[in-house]
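**Q** got a predicted model here, sequence first, then my questions.
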Amino acid sequence: MDSRWIIILLVMIISPCLVGQVNLENHSKFESASLLEEEKITGLIEDIHGFIWITTESSVFRFDGVQLEPIFQGLFEDVFYGPDSMELFFIHRKGVIRYDCNTGHFDRIEVKEISKSGDNLYDGIVYNDSTVIYTRHEGITIHHLRSNRLNNFNPLPPSENVIGILTIAKDIRQPNTVWLGTRRNGLLRYNLETHQVVQKLFEIEEESLYNEVNTITSIVPYNQHLLIGTWHGGFLHYNIETGEYRQYFIQDKRLNDGNISFDRILNIFKYKDDEFWISSTKGVGLFNATKVELLILDRSDQGYQFYQNTPLYQDSKRRLWVGYDNGLRLLDTLRSQFNVIENPFFTQELWEIPQEVIQDEKTGDLYFCNFMSKGVYKYASKDKEWKLIRPLNPLSNNIFKGHDMFMSNDTLWVLEESGIYFYRPGEAYLKKVPVDYNEAELDFWNFCRLENGDFLLLTRFDGIYQLDISDLSVTSINHWIEEKYPEALAFRGDDILYDSKGNIWMGWKNYLLVKMPTGQLIDLSPAILQEEEILNIKDLSESNSHILVALESGVFRISIDALPEIIVEKVSNQVSDHVEQDKDGNIWSIYHELYRTMAVQLNPFPFGINDGIHTHGKYGFEQINTIGNNIIVGSRGKYSIFNPSNIKKNTEIPFPYIHSLTINGVQYEPDISLLMKDVIYLNSDENNVKIDFSARAFTKPSSVKFRYRLFNIEKEWNQVGVNQSVVTYSQLNGGNYIFQLQAANDNNIWSEIKSLNIIIDTPLYLQTWFQITIIILALTGLIILYLLRISRLKKVAHINNQMLTLEKKALRAQMNPHFIFNALNSIQHLITEGQEQRSIQYLNKFSKLLRGVLSNSREYKTKLSSEIEVIRNYLELELLRLGEKFSYEINISKELMNDDVELQGLLFQPIIENAIHHGLAHKKDGGHLRVDIEDRHDHLFCVVEDNGIGRERSGNINYFNGHESTGIKTVASRLSLISGLSPDELINIIDLYDEDQNPKGTRVEIKIPISSN
């Protein structure tokens, strides 16, 4: 055999202690990343904010441990940092995505912009602070970031094989030079200035792997060497200066069946200064570049099946991210170390319920007692081999129903349902103690051994028996119980224990009794039943001068030293099936899961797969025991062993952040990432805010809890779990709000407060200055209105006084004493002349006139019909007084013939009186007076026209005196007060002339405001 292969084989034989330095099985899974179990992971990277970005053959995801968020779609090959680490470059087959981690903005470069042929992209590197190089199927592309210019080059040599550049790396020793890994054409060294290409093809012994070895998938420079990963051809260590190389396989290149392993290297990345992870489809190794040694840590022995725990990336906290095609896992530096052992004899045929595990203090070997098994199992700690110890005499159905076990004086004592077995190390079988049970069919449940060597056997339903080991006689000791607590034996037996002080502890359903060495029997049930309706004793164990009692309401601790005084203390709220206490006083219990209750605390913390403990299956954990300083926890077929002192407290503090904002149902798009933003400004109508938050936490992310509040509104914190990370605030008023967010890990270590200042613009009508201005204006307005009101009231009072004065004048004018005297004289004259009928008629008219005048003077308004009646009566009396020297007519438009029209009273009479007294009275005969009243909608248009002597002739007797008479002035003043118009607009006096310009009368036009009901 070639010496080179001998060296390779020697290198692959490694020290177990070195291999054990990294336990790749001690990884945690993420429930939130279950989607990745259906993906094939091609790359991982940690951004400046601590988030993990994952590229797959279908998508790019951002992962914070709590949430897995799909960001981009496509067949992605790789991801790498930009020149300043603020950017990430995602390479997919048909383009590049350039992503800014601070702003959340990104640019797409389609492959058609890079290459006219539209060939596939595979890889990329940052060449300098302004240049990125991409590899393509047909060459490379240099991307000048500042100018966004793209230059293509084809350094590929002529070949009949399908060629493509799959990977690229900078030459750290020579400037302007890069290393290119090709498909089937080996390694290329390419000078970017001279475009000189040097090709290196790797010749290997296995000719069938020639193309696979010369298909290079990864290149990592280290000093004067290259670490090269190939496509199903293993891993190469290449010396740049000499051209020499060595080939390594994670899995033997030839399998047992003679087939080639096709060992494909997925990734090579640095672990320590001179150590590199080599991740393969067949396993994983650590390559020491200084010692030139490949340490195989784990590998698949299942032929062509891919290795599942492939390391892909090491983050800033030296945590190892693992995965390829079966999901994402994390080898956490904060994760506790659990030693998991698996029973190879376990099958699904029998229940194999774990009951007890003890350790031989001399050899360190472990013994396992199971219910419904094949016997007792032995695990040799040194050579890690399992052994089945069967009963010497087979049982019925070959089923061993073990319940309890302990070791004393190099002898293993085992309680089986049918009796006691013993085993001495080195022997081949379990042997049954030949005991005569007096034909009693007893189902044994638990046992203990007294100081004199005798056994106490607790049965399920028949009480307690004592086995005298000297003569193997069996005696019932139920009389201990029957004398004082006869009803206890009617219940099911639960557990029995003999403590270090010689006390015998006995548990039944609803009873916990202790028999002291003095013979005193004490009932402890009342001290515990105060928290239990029914006392179901799950387990009894001794620790540090105390007895631990596992119940459905939690774990209680009873002082042994204080007996017969009963001192009971509750030490855990956790429902427990079995319980143990470590040397630090912490309570470990199982109830499907494993729980730890810290000393002086009551609330437990669960331990699960993400803490390193094995997956327990559907039946949960069913057994827990202390073994020296260690604790062993068992499920069916698997056991986890750990030292409680080595349990690592989770010190990773979650980093809370706001994931997204929704404003009025619309996604908020900030100018920079919400990770960087601490204030947002919203319009007054943007007052419905939904906040989706999360936390970056990779150690036990499912245990993360949040608390939040909207400061200025909420004083108290709102605490929620990891699946309740959305809050909505509706109908917020304008103002300055501060949303505060914190996250805590499973140890209740809270993060610093993450704050987002939300400033909502206040509407103008709600702003303080505006409200003050409105109040001032309102007060000013009220004062002005008050003053106007006072002024108006004064004005109204003045007008009323004027109206009253004018009405009195009108009344006096209408009730002129001369008129009354003349009217009465005229009636008297009729009487003296014997015209009694006419005198009565006129006297009646006179009375109606007086009554109408008085009635109209009492009301502010009167009906038009009433006013017309007054006018008619007045004219009749004037005709009588003047000897019928004139005639009259009153014309009223049809629209005014109803009684709905109202107007001020005593308006017509003064005008008519002037027409008669100063116009018609001086005319000998033929006088005529016409009164026309028309409806003009908002007023009455009244015309009083006479054919008297006119105003010019009456001047000789001071008629009108060039102005309206006092009566007309009074009417004009009253109308002006009513309407607010000037007198000239209300009354118009027109002198009438004949064709020769001789006066022939006077015409008075009046506008009278009216109202209609």
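**A** Noted; the coordinates are in hand. Numbers count the residues shown, from 1 in each chain.

**Q** quick one: K384 from G919, how far?
**A** In this structure, K384 lies at 147 Å from G919, with Cβ to Cβ, to the nearest Å as the measure. Glycine gets a C-beta too; all of them are placed from N, C-alpha and C.

**Q** for Q623, that is, sorry about that
**A** Taking Cβ to Cβ as the measure, Q623 falls 137 Å from G919.

**Q** what of Y485?
**A** The separation that Y485 has from G919, given Cβ to Cβ, amounts to 140 Å.

**Q** looking at the two, which is more packed in?
**A** When neighbours are counted by other Cβ atoms under 10 Å, Y485 and G919 differ, and G919 comes out ahead with 26 against 16.

**Q** ok, that one - contacts?
**A** Contacts for G919 (Cβ atoms under 8 Å, 6 or more residues apart in numbering) come out as 927, 946-950, 954, 959, 1001-1002.

**Q** same question, D938
**A** 1009-1010.

**Q** next one, pLDDT for it please.
**A** D938 is assigned 80 on the pLDDT scale.

**Q** phi, psi of it?
**A** Backbone torsions for D938, taken as degrees, to the nearest 10, come to phi -100, psi 0.

**Q** about what we covered before: got the contacts of G919 as TSV, with secondary structure and neighbour count columns?
**A** Below are these laid out as TSV (DSSP: H, G, I helix; E, B strand; the rest coil; neighbours: other Cβ atoms under 10 Å):
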residue	secondary structure	neighbour count
G927	strand	23
D946	strand	27
N947	coil	20
G948	coil	28
I949	coil	22
G950	helix	22
S954	helix	21
Y959	coil	21
G1001	strand	24
T1002	strand	27
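
**Q** which one of those residues is nearest to I989?
**A** When the contacts of G919 are compared for distance to I989 (Cβ to Cβ), T1002 comes out closest, at 6.7 Å.

**Q** the residue nearest the centre of the chain pairs with what?
**A** Centroid check for the chain by Cα atoms, centre = their mean gives V726 as the closest residue, at 1.1 Å. Going by DSSP bridges, V726 is paired in beta bridges with D692.

**Q** quick check: it touching D692?
**A** Yes - applying Cβ atoms under 8 Å as the test, V726 and D692 come out as touching, 5.1 Å apart.

**Q** buried set for stretch 839-850?
**A** Applying a neighbour-count criterion of 16 or more other Cβ atoms under 10 Å, one finds 839, 842-843, 845-846, 848-850 buried in stretch 839-850.

**Q** which residues are in contact with that stretch?
**A** When contacts are defined by Cβ under 8 Å, 6+ apart, stretch 839-850 is touched by residues 815, 823-824, 826-828, 830-831, 869-870, 873-874, 876-877, 880.

**Q** stretch 348-360 now?
**A** If you take Cβ under 8 Å, 6+ apart as the criterion, stretch 348-360 is touched by 343, 346, 365-374, 399, 402-407, 412, 425, 619, 622-623, 625, 627-628, 632, 634-637, 639.

**Q** how long is it end to end?
**A** Start and end residues of stretch 348-360 are separated by 28 Å (Cα to Cα, to the nearest Å).

**Q** list the buried residues of that stretch.
**A** Applying a neighbour-count criterion of 16+ other Cβ under 10 Å, the buried positions in stretch 348-360 are 350, 352-360.

**Q** send me the helix or strand that contains A550 as CSV with only the CA atoms.
**A** Here A550 sits within strand 546-551, counting by DSSP states H and E. Extracted in CSV, the C-alpha atoms of strand 546-551 (Å, rounded to 0.1, in the frame of the first residue of the first chain):
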residue,chain,number,x,y,z
HIS,A,546,-35.8,14.7,55.5
ILE,A,547,-38.4,12.5,53.8
LEU,A,548,-39.6,13.9,50.4
VAL,A,549,-43.3,13.0,49.6
ALA,A,550,-44.4,13.4,46.0
LEU,A,551,-48.1,14.2,45.7
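
**Q** just checking, what packs against that strand?
**A** Helices and strands touching strand 546-551, by 3 or more Cβ pairs under 8 Å, 6 or more residues apart in numbering; DSSP states H and E, are strand 539-543, strand 554-559, strand 578-581.

**Q** so which of these comes closest to A169?
**A** Ranking the helices and strands packed on strand 546-551 by distance to A169, with Cβ to Cβ as the measure, places strand 578-581 first at 54.1 Å.

**Q** check which residues of stretch 444-456 are buried.
**A** By neighbour count with 16+ other Cβ under 10 Å, stretch 444-456 contains the buried residues 444-449, 455-456.

**Q** cool, and stretch 195-215?
**A** Under the neighbour-count criterion of 16+ other Cβ under 10 Å, stretch 195-215 has 199-200, 202, 204, 209-215 buried.

**Q** most packed of the helices and strands packed on strand 546-551?
**A** Highest mean neighbour count of the helices and strands packed on strand 546-551: strand 578-581, a mean of 25 (counted as mean count of other Cβ atoms under 10 Å).

**Q** quick check: next helix or strand after that strand?
**A** Moving toward the C-terminus from strand 578-581, the next helix or strand (DSSP H and E) is strand 587-591.

**Q** any idea of the mean pLDDT for stretch 120-130?
**A** Per-residue pLDDT values over stretch 120-130 give a mean of 95.

**Q** repeat for stretch 862-873
**A** 84.

**Q** what does it contact?
**A** Applying Cβ under 8 Å, 6+ apart, the set of residues contacting stretch 862-873 from outside is 845-846, 848-849, 852-853, 855-856, 890, 892, 896, 899, 901-909, 912, 931, 933, 940, 1010.

**Q** can you do 6 Å?
**A** Contacts of stretch 862-873 from elsewhere in the structure, counted by Cβ atoms under 6 Å, 6 or more residues apart in numbering, are 845, 848-849, 852, 856, 896, 899, 901-902, 905, 908.

**Q** go through the buried residues of stretch 195-215 and name the one nearest G82.
**A** Using Cβ to Cβ as the measure, the one of the buried residues of stretch 195-215 that approaches G82 most closely is T215, at 28.3 Å.

**Q** OK, contacts around that closest one?
**A** Counting by Cβ under 6 Å, 6+ apart, T215 touches 183-184, 231.

**Q** with the residues you listed in mind, which one is nearest to G612?
**A** If you rank these by distance to G612 using Cβ to Cβ, W231 comes first, at 34.9 Å.

**Q** check what pLDDT the residue nearest to that closest one when sequence neighbours are not counted gets.
**A** Counting by Cβ to Cβ, 6 or more residues apart in numbering, the nearest residue to W231 once its immediate chain neighbours are dropped is T215, at 3.7 Å. According to the prediction, T215 has pLDDT 94.

**Q** and the one 10 residues further on, by the same measure?
**A** Per-residue confidence for H225 comes out at a pLDDT of 96.

**Q** that one pairs with what?
**A** Listed beta-bridge partners, H225: Y222, N239 (assigned using DSSP bridges).

**Q** next one: it from E244, what distance?
**A** In this structure, H225 and E244 are separated by 10 Å, where distance is defined by Cβ to Cβ.

**Q** higher neighbour count, those two?
**A** Each of H225 and E244 had its neighbours counted (other Cβ under 10 Å), and the higher figure belongs to H225 (19 against 11).
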